[in-house]
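> got a predicted structure plus its sequence, pasted below:
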Amino acid sequence: MTLYGREQIITTPPGSRPAHQGRIIVGSVVAGVLLAILWSFELVDHVIGDTVANTLLGHDAKATAIGGTLAGLAFAFVSGLAGTFTACNIAMAASIGPMSQASAGSSTRRGLRTMLKPVGWLTLGMVTVSGVYGFVGVLIGDRLPQLSTAAAGGIPVRLWQSMVVFGLVGLVFVYLGLTALGVLPDPFARRPVARVVTLGALVGAFLIGRPYPLFNKLFHWAVDSGNPLYGAGAFILQSLGNIVIVTALFGLVVLLSRGRAIDWLSSSPARTVAVTGALLIALGVFTFVYWDVRLPAMFGHGWFPTMPYNR
């Protein structure tokens with residue numbers, strides 16, 4: 001362990017460090033960059049996202065006005081569910097590794113209740129941030145860059161906010177991945193639950209940068225309502241919709257394997273660390289590269305490879 005002033009930082013125990021850390025890091029970085037190159041926002045935003053929202057709401061989600069508070073809250077959850085696999089949310093899949101780590105050791109004994117515990121910690125961090133932002137966002141209203149229709153440097157102002165927020169989130173994910181691997185001092189080494197709460201807060205922060213059209217519509221509705229409590233509730237529901245599918249997949253793996261998947265990870269601390277670190281680094285690199293390299297290149301700032309289906 002290492003001491004920094006009065007704060008005690010617990011580093012990853014040597015026995016739990018995976019072999020070939022360098023290869024894991026390089027492989028994760030390459031995977032993140034490739035994902036940023038191959039990602040099709042047309043497919044996930046419009047084909048998948050719009051189809052899911054239109055089907056669940058029973059009408060054109062973009063074209064139909066939100067009619068009332070209950071309709072707005074329903075729209076919040078459905079649009080969050082529809083945006084699960086958008087580029088501004090997919091990085092939350094990195095939480096699967098830490099959630100597995102936080103539930104390790106007792107999955108077969110307590111079953112579903114144990115699985116829900118790390119999900120609950122993730123949700124706590126997420127709804128705290130999203131709720132506060134929804135409340136404050138309504139108070140600030142159209143003064144937020146996220147709601148602006150102006151442009152600066154040829155890039156919409158709302159996307160400048162996206163680049164700043166997701167760039168920082170991506171870097172934090174990479175940092176957490178490196179600490180999980182033991183490359184950097186890890187304050188969460190003996191407190192995996194704290195890592196999950198922190199990841200939940202980062203997932204909640206996705207809303208601060210999200211340019212997704214359905215979320216933009218929800219945000220305008222919340223501001224027009226003039227009630228910050230509506231904003232907080234709507235943003236919390238939006239975030240909850242974002243994590244439903246990933247949480248269900250995590251639960252399905254636990255239940256179908258009868259906890260063996262978690263036991264397989266926890267039986268080798270090095271394996272758990274490798275999975276956690278690789279997911280965090282890969283999706284952190286994807287988030288940073290997509291929003292701070294690929295997106296500016298789309299507006300003529302720099303260069304980034306373009307796939308034929310993204311032209």
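Yes, it's here. Residues are numbered from 1 along each chain as shown.

> wouldn't Ala82 be in contact with Gly49 here?
Yes - between Ala82 and Gly49 a contact is recorded at 4.5 Å, counting by CB atoms under 8 Å. Quick note: C-beta positions are derived from backbone N, CA and C, even for glycine.

> which of these two has more neighbours?
Ala82 (27 against 24; other CB atoms under 10 Å).

> can you list phi and psi of the more buried one for me?
phi -70, psi -30 (degrees, to the nearest 10).

> cool, the one 5 residues further on as well?
Geometry field for Ala87 lists phi and psi as phi -70, psi -20, criterion degrees, to the nearest 10.

> for Phe299, same thing?
According to degrees, to the nearest 10, Phe299 has phi -110, psi 20.

> what of Pro156?
Torsion angles, degrees, to the nearest 10, at Pro156: phi -50, psi 140.

> common neighbours of Ala82 and Gly49, please.
Leu214 (CB atoms under 8 Å, 6 or more residues apart in numbering).

> show me the residue at the heart of this structure, geometrically.
The centroid of the chain falls nearest to Met92 when counting by CA atoms, centre = their mean (3.1 Å).

> which strand or helix spans the nearest residue to that residue once chain neighbours are set aside?
Nearest residue to Met92, sequence neighbours excluded (CB to CB, 6 or more residues apart in numbering): Val203, at 4.7 Å. If you go by DSSP states H and E, Val203 is part of helix 192-209.

> also Gly80?
helix 69-82.

> which residues touch stretch 132-151?
Contacts for stretch 132-151 (CB under 8 Å, 6+ apart): 156-158, 160-162, 204-205, 207-211, 216, 219-220, 222-223, 225-236.

> all strands of the stretch 1-150 of the chain, in order?
2-4, 7-9 (DSSP state E, counting those that start in this stretch).

> what residue ranges in the stretch 1-150 of the chain score low on pLDDT?
Scanning the stretch 1-150 of the chain for pLDDT under 70 picks out 1-16, 96-115.

> at 80 what do you get?
Residue ranges of the stretch 1-150 of the chain with pLDDT under 80: 1-19, 85, 87-118.

> all the helices of it, residue numbers only.
21-38, 41, 51-57, 69-82, 96-103, 107-110, 112-140 (DSSP state H, counting those that start in this stretch).

> before we move on, what about the stretch 201-311 of the chain?
Counting by DSSP H, counting those that start in this stretch, the helices of the stretch 201-311 of the chain are 213-225, 228-256, 260-266, 269-289, 295-298.

> of the ones you listed, which is nearest Val193?
For the helices of the stretch 201-311 of the chain, distance to Val193 was read as CB to CB. The smallest value, 13.3 Å, belongs to helix 269-289.

> what's the angle from that closest one to helix 192-209?
10 degrees (axes from the mean of the first three to the mean of the last three CA atoms, to 10 degrees).

> buried set for stretch 294-306?
294-296, 304 (16 or more other CB atoms under 10 Å).

> nope, stretch 42-56 is what I meant
44-45, 48-50, 52-54, 56.

> as CSV, those residues with distance to Ser268 would be great.
Converted to CSV, the buried residues of stretch 42-56 look like this (distance: CB to CB, whole Å):
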residue, distance to Ser268
Val44, 34
Asp45, 38
Ile48, 35
Gly49, 38
Asp50, 42
Val52, 37
Ala53, 41
Asn54, 45
Leu56, 41
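
> which of the residues you listed lies closest to Phe173?
Nearest member of the buried residues of stretch 42-56 to Phe173, counting by CB to CB, is Val44, at 19.0 Å.

> any idea how far the closest one is from Pro211?
13 Å (CB to CB, to the nearest Å).

> what of Phe41?
Relative to Pro211, Phe41 is positioned 10 Å away (CB to CB).

> pull the distance from the helix holding Val203 to the chain's centre.
In terms of CA atoms, centre = their mean, to the nearest Å, the centre of helix 192-209 is set 7 Å apart from its chain centre.

> same for that helix, what does it pack against?
helix 96-103, helix 112-140, helix 157-181, helix 228-256 (3 or more CB pairs under 8 Å, 6 or more residues apart in numbering; DSSP states H and E).
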